[in-house]
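> model the following, please.
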Amino acid sequence: MLKEERLDYILKKLQTDQKVLQTELSSDLQVSEDTVRRDLESLAQSGQLIKVRGGAIPHSPNPYSFKERIERHAADKQHMAIKALGLLHDGQTVLMDGGTSTLALVKLLPHNLRLTIITNSVPIVTQLIEHPTIEVIFTGGRIGKNSQTATGMDTIRTLQKIRADLAFVGICSLHPEAGVTGLDLEEADVKSVMIEAANKIVALATSDKMDTAEPFKVCEITGIDVIVTDKPELPLFKPYQDLGIQVI
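Coordinates of the predicted model:
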């Protein structure tokens, strides 16, 4: 079998199974595991998959631009936001990143809820600016036009001075081995610092983001305490629950 045929087979199997294993591919393709490893490396270098120990997994299917993401799975995000509301109560200090799922939560906050919310998200600041009982702190930093979030050392320095009760983090990709990952290095750095700055970490993630990975590490999967999702009954969540992560 030609290399191009092998690569095509690998990508089709990845699309069907959401993962590929080197041992299985070696048997299916009748080639050595070293050959499979080189094929996976070639596909990883061209951005078509993410290598993990013993095989590969797909990228997250979600677009990068905030304007594109805001419309994607809008009903699922609202359903998740309703669930996440139960984690909030008066007096908390809460970190929120620039995810569209986090914005969906902010839009549902009751007008009598008393919180301090610290965020690097321009849309979240705009949404909360007239809320009567929520104090809003913007991290500052360089604002990315695609993500509509602040990043950079000014953002990180602000976050390093904070100890929050909760952090709500919109997640690009989660995987039991690859951990929490993202598409943008600076955004991943900000999420990492947010996670370090809070006592409890809540990941807001639709089920299509599970068992996927991107190039830039945010934290190990055990850095997450709670996953709020749209379809918690799916079997794909069991490995996360086995690690002690609450799935709502």
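> ok so D189 is a helix residue?
Yes: per DSSP: H, G, I helix; E, B strand; the rest coil, D189 lies within a helix segment.
> give the contact list for it.
Listed by C-beta atoms under 8 Å, 6 or more residues apart in numbering, the contact set of D189 reads 151, 156. (Glycine included, C-beta is placed from N, CA and C.)
> list the buried residues of stretch 41-55.
Across stretch 41-55, burial judged by 16 or more other C-beta atoms under 10 Å covers 43, 48-52, 55.
> just stretch 157-167 next, same as before
Buried residues in stretch 157-167, defined by neighbour count with 16+ other C-beta under 10 Å: 158-159, 162, 164-167.
> which residues does it contact?
Here stretch 157-167 makes contact (C-beta under 8 Å, 6+ apart) with 87-88, 92-97, 118, 120, 139-141, 190, 193-195, 197-202.
> of these, grab the buried ones for PyMOL.
To isolate the buried members of these in PyMOL, using 16+ other C-beta under 10 Å:
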select buried, resi 87+88+92+93+94+95+96+97+118+120+139+141+190+193+194+195+197+198+201+202
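> from the contacts of stretch 157-167, which ones fall inside helices?
Using DSSP state H, the subset of these located in helices is 190, 193-195.
> and which of these is nearest L108?
Of all those, L108 sits closest to M194, with 20.8 Å by C-beta to C-beta.
> still on that earlier bit, can you redo the ones in helices among the contacts of stretch 157-167 as JSON lines with pLDDT and distance to T151?
Converted to JSON lines, the ones in helices among the contacts of stretch 157-167 look like this (pLDDT from 0 to 100; distance: C-beta to C-beta, whole Å):
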{"residue": "V190", "pLDDT": "96", "distance to T151": "5"}
{"residue": "V193", "pLDDT": "97", "distance to T151": "10"}
{"residue": "M194", "pLDDT": "97", "distance to T151": "12"}
{"residue": "I195", "pLDDT": "97", "distance to T151": "15"}
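> that concludes my questions; thank you for your assistance.
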